[in-house]
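J.: I need the structure of the sequence given here:
(one chain, ligands or ions: 1)
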Amino acid sequence: MDITRTSAWRMLLQHRDGMATCHLRDCFADDPMRFSHLSFEVGGMLVDFSRQRLKQQTLKLLLGLAQAADVPGWRDRMFAGERINFSENRAVLHPALRYSEKGTFPALDQRVLSEIYAVRAKMRSFSDCVRSGSWRGFSGDAIRDVVNIGIGGSDLGPKLAVHALSAWQHPGLNFHFISNLDSANLAPLLDKLDPRTTLFVVASKSFTTQETLINAHTARDWLCAKAGGQSEEVMARHFVAVTAVPELARNFGLPEPNIFRIWDWVGGRYSLWSAVGVSIALAVGMDNFEALLKGAEAMDRHFQEAPLGENLPVLMALVGIWNSNFLGAETNAVLPYNESLRYLPAFLQQLEMESNGKTVGRDGQPLECKANPVVWGAIGSNGQHAFFQLLHQGGWLVPCDFIAAVESNFPLPGHQAPLLANCFAQAAALAFGKTEAEARSELEAAGLSGEQLTALLPHKVFTGNQPSTLLLLPKLDARYLGLLLALYEHKTFVQGVIWGVNSFDQWGVEIGKQLAGRLLPALRGEGDVAGLDESTAALIKWCRAHKAL
Ligand code: F6P
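T.: Numbers count the residues shown, from 1 in each chain. Next comes the predicted model:
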């Protein structure tokens, strides 16, 4: 279905035109209860949409769009285990991984449910063993360093969660995340690791991803050379794998007990809830990992049960669509005012852009509207001293998600209140700006007048009207992290439904992989450049003239 042909879409266009000149200052002036009308609390998390450029009527019309796209129907199809990822013929059941009522997830039979619980139990006993020091390396020493080798969803989710929850991290364990093919990622780490006390977690759903396999082979060669040769025992003490294709992990040299299973209905970017999260369990313990699942489960239930008008993932999705498709925003900034969430922008980039970065609908037809803005961002307040200038005066419409926790996980006197003050101040300044009159009186108060004032005045004006959502957590613990991430997951799903795309495949990443495979022999000097485009052929020749690869 082409959503742009629905009457809901047309009504939104009209509504948009009718409020073209509306400034957020006017919105607040018109509705003194705007915050209470446009903020929502779910599971203890507050989400404030009051600084979005919309009115209550806008939300009503947007809800009509969700109905027109049959969001409730698609949501129910997902939870019922229908193969909604039709281009890969797969169900989408990552919520089953966080379902706590044993034996009752409707879409899965008892056998699969038992497998899920068995993997979770295996994660618990393995992580308990490593954390207690009873898991020993080849020399009999306990593990001190854990290296997660994976990329995309097999890296970003665990990396985000381990850092987000670092206040709960085991004090005797260090965590490292290796994803890049560039040996500058792995080599310096190997230089400082002690092979006797290092454990590698190779996370790859497919166990065919080039980056992960090259890094895993290098790590295996390094370890076995230090341990006096490769043996099953050395591998069993220093490597585990997480994959949907256990035979490939066995071929890599791992015994069955060291392999954690995942399933084809867990998409890579939705996999941190599965055994891909084993690094999280190693870092913060299985109880915390299960609290993470519980937080996500609470959001699953809310998503399934709350009426659309109070349903946070639905509202967040609609606000994003309003900004992109009706107001014309091409990007969305993710701005966590929390050092521990520094990997959230990268995680959301994959979640949203790999899911919905598409121009072809489920029906194979080109979309009539753009899907998914470019997601980017960085932690605050650092961003304020870098790119916020453009947000304030650059003239681009950049909707922002501000994310903060009231309580710090690493409290120091005098830090948290200024951090939050900056967060709230930026959201307010972006929304309301500074009028010429306000700027003028400030300059006058500072003693300026005449030509000097006139020259400076235009530089001191801030248009404002930059929309933002503020997500506020009481604290950043495992449960709240789960709640937050599942909110973004379901938001992404709802947007995909409305745009009419399959949010669970990612064919776009294949073209580069195939081409890289074709270029490799030429770069290594084992093949020629015939048949390559002129530019690529010239680049390869240039590299080879400089260094044999
Ligand atoms: O190439 C993209 C991708 O398939 C992502 O979707 C996925 O998260 C990542 O690569 C890693 O895949 P795997 O876990 O199979 O190594």
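
J.: wait, what's in contact with the closest residue to residue 516 other than its chain neighbours?
T.: Nearest non-adjacent residue to residue 516, counting by CB to CB, 6 or more residues apart in numbering: residue 210, 7.6 Å away. C-betas here are computed from N, CA, C, even on glycine. Taking CB atoms under 8 Å, 6 or more residues apart in numbering, we find residue 210 in contact with 181, 513, 516.

J.: could you redo the last one with a cut-off of 10 Å?
T.: 151, 181, 513, 516-517, 520 (CB atoms under 10 Å, 6 or more residues apart in numbering).

J.: Backbone torsions only: list them for it.
T.: Here is the backbone geometry of residue 210 (degrees, to the nearest 10): phi -60, psi -50.

J.: Any figure for the gap between it and residue 507?
T.: 17 Å (CB to CB, to the nearest Å).

J.: And for the protein, the residue most distant from the center?
T.: residue 450 (51.2 Å; CA atoms, centre = their mean).

J.: Could you pull out the strands in the stretch 51-200 of the chain for me?
T.: Per DSSP state E, counting those that start in this stretch, the stretch 51-200 of the chain carries strands over the ranges 145-149, 174-178, 198-203.

J.: Out of these, which is closest to the ligand?
T.: strand 198-203 (6.4 Å; CB to the nearest ligand atom).

J.: Quick check: next helix or strand after the closest one?
T.: Where DSSP states H and E defines the elements, the next helix or strand beyond strand 198-203 is helix 210-226.

J.: Let me know the angle separating that next one from strand 145-149.
T.: Following axes from the mean of the first three to the mean of the last three CA atoms, to 10 degrees, one obtains 140 degrees for the angle between helix 210-226 and strand 145-149.

J.: the strands in the stretch 401-549 of the chain, which residues?
T.: Under DSSP E, counting those that start in this stretch, the stretch 401-549 of the chain gives strands at 468-473.

J.: Most proximal residue of the stretch 201-350 of the chain with respect to the ligand?
T.: residue 268 (2.6 Å).

J.: how far away is that residue from residue 43?
T.: 26 Å.

J.: In terms of neighbours, single out the busier of the two.
T.: More neighbours surround residue 268 than the other of residue 268 and residue 43, with 26 against 20 (other CB atoms under 10 Å).

J.: For the stretch 301-450 of the chain, which residue gets nearest to the ligand?
T.: residue 354 (5.8 Å).

J.: Could I get the contacting residues of the nearest residue to that residue once chain neighbours are set aside?
T.: Closest residue to residue 354 apart from its sequence neighbours, by CB to CB, 6+ apart: residue 506 at 5.0 Å. Residue 506 sits next to 87-88, 152-153, 267-269, 350, 353-355, 357-358 when contact means CB under 10 Å, 6+ apart.

J.: Show the pLDDT at residue 506.
T.: What the model reports as pLDDT for residue 506 is 97.

J.: Please report how far it lies from the ligand.
T.: As judged by CB to the nearest ligand atom, to the nearest Å, residue 506 and the ligand stand 5 Å apart.

J.: Of the contacts of residue 210 - the most surrounded one?
T.: residue 151 (21 neighbours).

J.: any idea how far the closest residue to it other than its chain neighbours lies from the ligand?
T.: Distances taken as CB to CB, 6+ apart place residue 179 nearest to residue 151, at 4.3 Å, with adjacent residues excluded. Plainly put, residue 179 is 9 Å away from the ligand if you go by CB to the nearest ligand atom.

J.: Let me know whether residue 179 touches residue 212 as I believe.
T.: Yes. Between residue 179 and residue 212 there is a contact under CB atoms under 10 Å: 7.7 Å.

J.: between the two, which one's more packed in?
T.: The residue with more neighbours, out of residue 179 and residue 212, is residue 212; 26 against 21, by other CB under 10 Å.

J.: For the more buried one, give me its contacts.
T.: 149-152, 154-155, 178-179, 181, 202-206, 241, 243.

J.: 7 Å instead, please
T.: 149-151, 154, 202, 204 (CB atoms under 7 Å, 6 or more residues apart in numbering).

J.: Repeat that for residue 123.
T.: 260, 275, 278, 281, 286.

J.: Filter those down to the ones in strands?
T.: Counted as lying in strands by DSSP state E, out of those, are residue 260.

J.: want to throw the contacts of residue 123 into JSON lines with neighbour count and distance to the ligand?
T.: As requested, those are arranged in JSON lines below (neighbours: other CB atoms under 10 Å; distance: CB to the nearest ligand atom, whole Å):
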{"residue": "260", "neighbour count": "23", "distance to the ligand": "13"}
{"residue": "275", "neighbour count": "27", "distance to the ligand": "12"}
{"residue": "278", "neighbour count": "26", "distance to the ligand": "13"}
{"residue": "281", "neighbour count": "26", "distance to the ligand": "18"}
{"residue": "286", "neighbour count": "20", "distance to the ligand": "22"}
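
J.: any chance of the contacts of residue 123 in a markdown table, plus pLDDT?
T.: Converted to a markdown table, the contacts of residue 123 look like this (pLDDT from 0 to 100):
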| residue | pLDDT |
| --- | --- |
| 260 | 98 |
| 275 | 98 |
| 278 | 98 |
| 281 | 98 |
| 286 | 98 |
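
J.: Walking through the stretch 201-350 of the chain, point out its helices one by one.
T.: 210-226, 232-238, 246-251, 278-284, 286-305, 312-321, 344-348 (DSSP state H, counting those that start in this stretch).

J.: Then the stretch 1-150 of the chain?
T.: Under DSSP H, counting those that start in this stretch, the stretch 1-150 of the chain gives helices at 7-18, 24-30, 34-38, 56-68, 71-79, 110-132.

J.: quick one: which of the ones you listed is nearest the ligand?
T.: Nearest to the ligand, of all the helices of the stretch 1-150 of the chain, is helix 110-132, at 15.9 Å by CB to the nearest ligand atom.

J.: and the angle for that closest one with helix 286-305?
T.: Computed with the same axes, to 10 degrees, the direction of helix 110-132 lies at 140 degrees from that of helix 286-305.

J.: report the angle between the axes of helix 110-132 and strand 198-203?
T.: 160 degrees.

J.: Sweet, I'm off.
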